[in-house]
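Trainee: what follows is a predicted structure for the sequence shown.
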Amino acid sequence: MIDYRGWRHVFKLDPDKAIDEDALEAICESGTDGIIVGGTYGVTYDNTLELMSRIRRYAVPAVLEISSLEAVVPGFDSYLIPLVLNAGDPDWMFAPHVSGLKTYGAYIHWDDIITEGYLIANPEAGVAELTRARPIADAQEAKAYAQVATKICRLPIVYLEYSGTYGDPAVVRACKAGADEAHLFYGGGIRTPEQASEMAAIADTVVVGNVIYDDLEAALATVAAVKRE
Ligand SMILES: CC(C)=CCC/C(C)=C/CC/C(C)=C/CC/C(C)=C/CC/C(C)=C/CC/C(C)=C/CC/C(C)=C/COP(=O)(O)OP(=O)(O)O
Ligand SMILES: O=P(O)(O)OC[C@@H](O)CO
Ligand SMILES: [Mg+2]
């Protein structure tokens, strides 16, 4: 299993988005601690395999965040399995996982599986629409969700997902308090070194996604900012 507990900064690459060879090299050689491959829509076996094969030319650890059973590709260092804590549609909690175990059960190396308690905090995100995520009322409620993940379900990771928008540091702080000994990933809307530093001062790992495709130089600048924290 990869040692995600040492990760401070990761990039998330979306198989459904195009990235040219130079940009991919810059991302993989940036000094980031790892690459997460994942996305909500348009993730297929073929585009995931293609992206993994290209990332594999570099030494950086690569993990797949599974969002679709059709796109489970062998060859990643580990597999992140989201459990959506605030899914309004309960089928997103366990139904795909049961299907996955029926399909892949015999092939799974359990040491390569890492489960995430996923808390979706941006109601406008695609993943919020998909899972019909319940809104999070306030920081206190975010802390309670994080405690459900770590204290009740004993999950090793809490992932606070603001995908597409920059989060509220007070909510991130509350999640960190609730996560306690679990590892807190923060992702969403990081576009500047200052934002990366601010979230890295609270969360254990910051995840940088969309800015890679809009402004590569800005994305790369987040690595040094987090490493300085
Ligand atoms: C090689 C091999 C055989 C390995 C074993 C396979 C394996 C690990 C099987 C395990 C079985 C199992 C338990 C599988 C789970 C399967 C599954 C489909 C689970 C569903 C997970 C889930 C709840 C997904 C919902 C969506 C989600 C949380 C996606 C995460 C990614 C995300 C939010 C990305 C950000 O969104 P993005 O698309 O970037 O948004 P924008 O485009 O708006 O930016
Ligand atoms: O794409 P952004 O908004 O950077 O979010 C990163 C990541 O948390 C998405 O799953
Ligand atoms: Mg994205």
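Mentor: Good, I have the coordinates. Numbering: from 1, shown residues only. Ligands and ions are numbered 1, 2, ... in the order given.

Trainee: what comes up buried for stretch 156-171?
Mentor: 156-164, 167, 169, 171 (16 or more other C-beta atoms under 10 Å). C-beta coordinates here come from the backbone N, C-alpha and C atoms, glycine included.

Trainee: touching ligand 1 at all, it?
Mentor: Yes. Stretch 156-171 comes into contact with ligand 1 (C-beta under 6 Å from any ligand atom), by way of 161, 163-164.

Trainee: can you tell me the residue of this protein closest to ligand 2?
Mentor: Of all residues in the chain, the one sitting closest to ligand 2 is Gly187 (2.0 Å; C-beta to the nearest ligand atom).

Trainee: tell me which parts of the chain are close to ligand 3?
Mentor: 14, 209-210 (C-beta under 5 Å from the ion).

Trainee: so which of those reach ligand 1?
Mentor: Answer for the residues of the chain next to ligand 3 near ligand 1 (C-beta under 6 Å from any ligand atom): 14, 209-210.

Trainee: the residue lying farthest from the centre of the chain and Gly100: what is the separation?
Mentor: Taking C-alpha atoms, centre = their mean, the residue of the chain most remote from its mean C-alpha position is Ala106, at 25.8 Å. Ala106 sits 12 Å away from Gly100, going by C-beta to C-beta, to the nearest Å.

Trainee: before we move on, back to that, mind putting the buried residues of stretch 156-171 into a markdown table with distance to Glu129?
Mentor: Formatted as a markdown table, those follow (distance: C-beta to C-beta, whole Å):
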| residue | distance to Glu129 |
| --- | --- |
| Pro156 | 27 |
| Ile157 | 23 |
| Val158 | 22 |
| Tyr159 | 18 |
| Leu160 | 18 |
| Glu161 | 13 |
| Tyr162 | 15 |
| Ser163 | 11 |
| Gly164 | 11 |
| Gly167 | 18 |
| Pro169 | 25 |
| Val171 | 20 |
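
Trainee: so which of these belong to helices?
Mentor: Per DSSP state H, helices hold the following members of those: 169, 171.

Trainee: okay, and the helix or strand of the chain with the least pLDDT?
Mentor: Ranked by mean pLDDT, DSSP states H and E, the weakest helix or strand in the chain is helix 91-104, scoring a mean of 92.

Trainee: for that one, which positions count as buried?
Mentor: Across helix 91-104, burial judged by 16+ other C-beta under 10 Å covers 92, 96-97, 100.
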